[in-house]
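**Student:** I would like to see how this sequence folds:
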Amino acid sequence: MSVGHRLDIPAVQRLRGQPLRYLGIMGSRRRVATCVETLSAAGFTSDDVSRIQAPIGLNLGAESPFEIAVAISAATTLERIPPEPI
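**Tutor:** Numbering: from 1, shown residues only. As a prediction, this is how the structure comes out:
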């Protein structure tokens, strides 16, 4: 995440193809759609784009910065420690 989102697209471009467990873009659905369009125009395939979690975090209805942080933490924890089947 960068200030004003200026560096988000270049950062995602540099991380393309890296063996990451989780990569997300923070922002409104409109901003995420704009980022996806920009990445697609830059040559990202649908597989590349599908690896990006956007908006970032679990959909918990988060609104405050604290709630957003919890949603992101929960999503990354699930990638690191997947739940066991019941």
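
**Student:** use CA for all of it now, contacts and neighbours both
**Tutor:** Noted.

**Student:** now the helix or strand harbouring Thr76: how far from the chain's centre is it?
**Tutor:** For Thr76, the host element (DSSP states H and E) is helix 65-80. Centroid separation for helix 65-80 versus its chain: 11 Å, with Cα atoms, centre = their mean, to the nearest Å.

**Student:** What's the mean pLDDT across it?
**Tutor:** Helix 65-80 shows a mean pLDDT of 93.

**Student:** State the three-state secondary structure for Glu63.
**Tutor:** Put simply, Glu63 is coil when judged by DSSP: H, G, I helix; E, B strand; the rest coil.

**Student:** From Ala75, how far off is it?
**Tutor:** Distance of Glu63 to Ala75, given as Cα to Cα, to the nearest Å: 16 Å.

**Student:** So which residues make contact with stretch 10-22?
**Tutor:** Stretch 10-22 has contacts (Cα atoms under 8 Å, 6 or more residues apart in numbering) with 39, 48, 51-53, 76, 79-80.

**Student:** do that again at 10 Å, thanks
**Tutor:** Contact with stretch 10-22 is made by 1-2, 7-9, 23-25, 35, 39, 42-44, 48-49, 51-53, 56-57, 75-80, as judged by Cα atoms under 10 Å, 6 or more residues apart in numbering.
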